[in-house]
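S.K.: A predicted structure for the sequence below; I have some questions about it.
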Amino acid sequence: MKKTFTHSTHRHPCLPWAFLLPSLVGTCLFYLVPLLEIAMWSFSDARHSGFVMLDNYKSVLQNSAFRLAFKNTLCFLGVCLPLLLGLGLLLAWLLWLLLPHSRYVQPLLLLPPALPVAGIALTWKILFEDSGLLNGWFGQFGLSTVSFLKSDAVFGVLVATFIWKNLGYTLLIWMAGLGDIPNVLYEAAAIDGAGVWRAFWRITLPALLPSFGLAALFGIIGCFRVFREAWLLAGNYPPDSIYLLPHLLNNWFLALDMQRLSAAVMLVLSVFGSVTAAVRAAVALYRRHTDACKP
């Protein structure tokens with residue numbers, strides 16, 4: 001005799017929360033509680049015994065090292081993010097056009113992020129040191145050597161390191177977006193006489209808007225997490241061109257300057273949150289506009 005099992009169609013409302021509870025507890029303990037403590041430190045004095053209002057924030061904003069690090073971080077973000085998104089989109093589109101079976105190539109795109117950061121920095125030092133391979137090639141051709149890691153040229157080295165390491169993730173995001181575009185749209189465009197570039201501007205780019213938001217978010221996060229590469233290339237006090245906010249925060253942490261460190265962290269989080277919200281709002285407005293224009 002067969003046993004039959006009946007499944008209830010009504011799920012208890014607390015069941016999803018029971019599965020989410022471990023993650024919620026971990027998030028509260030390891031993220032929200034420390035963040036609240038940092039916020040309290042940013043408004044307190046050195047003894048953590050009284051509030052000093054906005055004095056710590058004024059001290060941070062008047063600090064020349066913070067202004068330099070903030071300016072360099074914005075410059076790094078302004079250079080790397082367009083390069084990362086633009087180059088990733090171009091390469092993903094070319095792979096999508098030229099390699100119909102590009103899914104077999106996709107695992108190779110994750111090779112640079114999988115490599116140890118120390119190994120990457122060591123390779124870059126071998127290439128760009130004053131006595132490295134690149135300057136050796138310059139000498140063989142009679143060209144003057146360049147101090148890549150001890151001058152403002154280190155900014156370009158850091159940008160190249162960031163692009164090389166993070167391009168694989170961006171490519172995968174773009175290629176996933178390209179795979180979701182129906183081929184019927186391109187077939188209809190070809191019947192109407194649209195070329196490859198016109199189809200790209202009229203069909204591909206608007207359809208990739210959700211992928212753009214995700215790729216931009218990962219790019220912004222990556223720009224704020226470039227400290228390991230910069231530190232391995234040039235140490236705690238690199239040339240001024242790559243003295244970024246992570247360098248400043250690390251140095252203040254080593255000096256146990258918790259008040260200014262906490263205030264700086266809250267300022268950075270505010271800027272990061274504002275940029276992320278602006279990107280999401282722009283994507284939402286554009287999608288609303290395109291939906292309203294549809295017949």
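M.R.: Yep, it's here. Residues are numbered from 1 along each chain as shown.

S.K.: following element in sequence after the element among helices and strands of the chain having the smallest mean pLDDT, please.
M.R.: Each helix and strand of the chain was given a mean pLDDT (mean pLDDT, DSSP states H and E); the minimum falls on helix 106-109 at a mean of 70. Following helix 106-109 in sequence order, the next helix or strand is helix 111-114 (DSSP states H and E).

S.K.: dump the C-alpha coordinates for that following helix into CSV.
M.R.: Only the C-alpha atoms of helix 111-114 are listed here, as CSV (Å, rounded to 0.1, in the frame of the first residue of the first chain):
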residue,chain,number,x,y,z
LEU,A,111,41.6,34.1,-13.2
PRO,A,112,43.0,37.6,-12.3
PRO,A,113,40.7,38.0,-9.3
ALA,A,114,41.6,34.5,-8.1
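
S.K.: any idea how many residues pack against Trp124?
M.R.: Trp124 sits with 21 neighbouring residues when counted by other C-beta atoms under 10 Å. Bear in mind the C-beta positions are built from the backbone N, C-alpha and C, glycine included.

S.K.: got it, and the one 4 residues further on?
M.R.: Burial of Phe128 is recorded as 23 neighbouring residues (other C-beta under 10 Å).

S.K.: residue contacts, Trp137?
M.R.: Applying C-beta atoms under 8 Å, 6 or more residues apart in numbering to Trp137 gives no contacts.

S.K.: what about it, which helix or strand?
M.R.: According to DSSP H and E, Trp137 maps onto helix 133-140.

S.K.: show the subsequent helix or strand relative to that helix.
M.R.: Following helix 133-140 in sequence, per DSSP H and E, is helix 154-179.

S.K.: and the helix or strand just after that following helix, which residues are buried?
M.R.: Using DSSP H and E, the helix or strand that follows helix 154-179 in sequence is helix 183-191. By 16 or more other C-beta atoms under 10 Å, the buried positions in helix 183-191 come out as 186, 189.

S.K.: ok so, going back, other residues contacting the least confident helix or strand of the chain?
M.R.: 167-169, 171-172, 175.

S.K.: what would the residues you listed look like in TSV with distance to Leu21 and neighbour count?
M.R.: Formatted as TSV, the contacts of helix 106-109 follow (distance: C-beta to C-beta, whole Å; neighbours: other C-beta atoms under 10 Å):
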residue	distance to Leu21	neighbour count
Leu167	38	19
Gly168	35	19
Tyr169	31	20
Leu171	37	24
Leu172	32	17
Met175	36	22
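
S.K.: could you single out the nearest of the residues you listed to Leu111?
M.R.: Gly168 (7.0 Å; C-beta to C-beta).

S.K.: just checking, the closest one touches Leu111?
M.R.: Yes. Look at Gly168 against Leu111 with C-beta atoms under 8 Å: they come within range, at 7.0 Å.

S.K.: on that earlier part again, give the buried residues for the least confident helix or strand of the chain.
M.R.: If you call a residue buried by 16+ other C-beta under 10 Å, then helix 106-109 has these buried ones: Leu109.

S.K.: using PDB, write out every CA atom in it.
M.R.: Taking C-alpha atoms only, helix 106-109 is exported to PDB below (Å, rounded to 0.1, in the frame of the first residue of the first chain):
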ATOM      1  CA  GLN A 106      34.200  32.900 -19.100                       C
ATOM      2  CA  PRO A 107      36.000  30.800 -16.500                       C
ATOM      3  CA  LEU A 108      39.300  32.300 -17.700                       C
ATOM      4  CA  LEU A 109      37.900  35.800 -16.900                       C
END
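
S.K.: now do it: distance to the chain's middle.
M.R.: For helix 106-109, the separation from the chain centroid amounts to 19 Å (computed by C-alpha atoms, centre = their mean, to the nearest Å).

S.K.: ok, stretch 144-157 next?
M.R.: Counting by C-alpha atoms, centre = their mean, stretch 144-157 is centred 24 Å from the centre of its parent chain.

S.K.: enumerate the positions of that stretch that are buried.
M.R.: Judged by neighbour count using 16+ other C-beta under 10 Å, the buried positions of stretch 144-157 are 148-149, 154-155, 157.

S.K.: make a markdown table out of those and add pLDDT and distance to Leu233.
M.R.: Output for those, formatted as a markdown table (pLDDT from 0 to 100; distance: C-beta to C-beta, whole Å):
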| residue | pLDDT | distance to Leu233 |
| --- | --- | --- |
| Phe148 | 73 | 9 |
| Leu149 | 73 | 6 |
| Val154 | 81 | 7 |
| Phe155 | 86 | 11 |
| Val157 | 83 | 7 |
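
S.K.: farthest pair in these?
M.R.: Checking the buried residues of stretch 144-157 with C-beta to C-beta, the most distant pair is Leu149 and Phe155, at 10.8 Å.
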